[in-house]
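Trainee: Any chance you could fold what I've pasted below:
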Amino acid sequence: MAEDGKKPVIKKVIKKGGHGHHGGAWKIAYADFMTAMFAFFLLMWLLNSMSEQQLSGISDYFAPTTASLSKSGAGGMLGGKVIGEGVLSSNSSSSAFNPNLPPPTFNNGEAQAEQPIDEDDLQKAQAEKEQEQFENTADEIRKAIEGVPDLKELGKNLLIDNTPEGLRIQIVDQDGSAMFPSGSSRMNPNMRSLLGLVATAIKDVPKKVAISGHTDSTRYADPNGYSNWELSADRALASRRVLVEKGFPEGQVQRVVGRSDTDPLDITNLSNPQNRRISIILLRDSISKSEKDRTTPQSLGITK
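Mentor: Reported below is the predicted structural model:
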């Protein structure tokens, strides 16, 4: 018994055991997992935004281009040489480790590794595109004429073909259907309407244009010396004016010439009415450029 007759005080301590689902250990594991995922996606983003040269540098950093087999003062396998930061290197051995990284082809959605362009393939593709454009223009002109009843009969006066120079559109005279009065450069209304349709069809085609006037072999006496040369040139100039009035860009007219009767359409009959014609050629890019080069100030012996 305790002293003074007092009972001893007994304190009972109850230890509570932890329950797994109330602990915080899982939160630590989840936080580690989320950190690792964030680091992974950050790495992927950085790799995607790097150029091929940068990735190649990283590859070289972790894959030394050296592993020296020669002995050195350090006596180590790597030869005791340090090249760059953190890279052990020597000139006498091949790489000990070479990871295969996929070649980066895009950087922010743009191609990084460009394939060399073959000049011949490029010219061929441009020629095919040019030819398709010419064919579409020819079809558009034919359909435009067929859509106008008053001009439908003039379809026989229109000749369209492909030449080495480009798409050639010719408006020719027929028996009983002349585009110009005899000996005059003042065109008939039908000719003006026909040129208007041609201008509408070609005004949006980004090609230079060459216009030439032609006559037949019939000659006439003029006291002032006016001949088929002047007549063919005046008719070509009159055609240029109408094309521009109908909306064709004046800056796309590269040349306007008169050919007289030197380039007949019918070589067997020089007096054939079809030899009297206006020729409009949509020039191919190669022809247009070569003509421009031939007429530069340097090619004419003119210095600025």
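
Trainee: S260: how many residues sit nearby?
Mentor: The number of residues packed near S260 is 18, by other Cβ atoms under 10 Å. For every residue, glycine as well, the C-beta is placed using N, CA and C.

Trainee: what separates it from T268, distance-wise?
Mentor: 18 Å (Cβ to Cβ, to the nearest Å).

Trainee: Over to E245?
Mentor: Distance of E245 to T268, computed by Cβ to Cβ: 37 Å.

Trainee: Which one's more surrounded, those two?
Mentor: E245 (12 against 6).

Trainee: next one: phi and psi at that one?
Mentor: The phi and psi values for E245, taken as degrees, to the nearest 10, are phi -60, psi -30.

Trainee: let's number from 6 now, not from 1
Mentor: That works, and once the first residue is 6, the last one we named lands at E250.

Trainee: Check what pLDDT it gets.
Mentor: If you check E250, the pLDDT there is 95.

Trainee: Same question for L287.
Mentor: Here, the pLDDT recorded for L287 equals 92.

Trainee: Wait, it touches K212, no?
Mentor: Yes - counting by Cβ atoms under 8 Å, L287 does reach K212; the two are 4.4 Å apart.

Trainee: Now list whatever residues contact both of the two.
Mentor: Common contacts of L287 and K212 (Cβ atoms under 8 Å, 6 or more residues apart in numbering): G171.

Trainee: Which one's more surrounded, those two?
Mentor: Legend: neighbour count by other Cβ under 10 Å for L287 and K212, higher for L287 (24 against 20).

Trainee: Show me the residue sitting in the middle of this protein in space.
Mentor: For the chain, the residue nearest the mean C-alpha position is Q131 (9.2 Å; Cα atoms, centre = their mean).

Trainee: where are the low-confidence patches of the stretch 56-205 of the chain?
Mentor: Applying pLDDT under 70 to the stretch 56-205 of the chain flags the ranges 68-122.

Trainee: As a check, name the ranges of all strands in it.
Mentor: 111-112, 115-116, 163-167, 171-177 (DSSP state E, counting those that start in this stretch).

Trainee: for those, which one ends up most surrounded?
Mentor: Compared across those, strand 171-177 shows the largest average neighbour count, a mean of 22 (mean count of other Cβ atoms under 10 Å).
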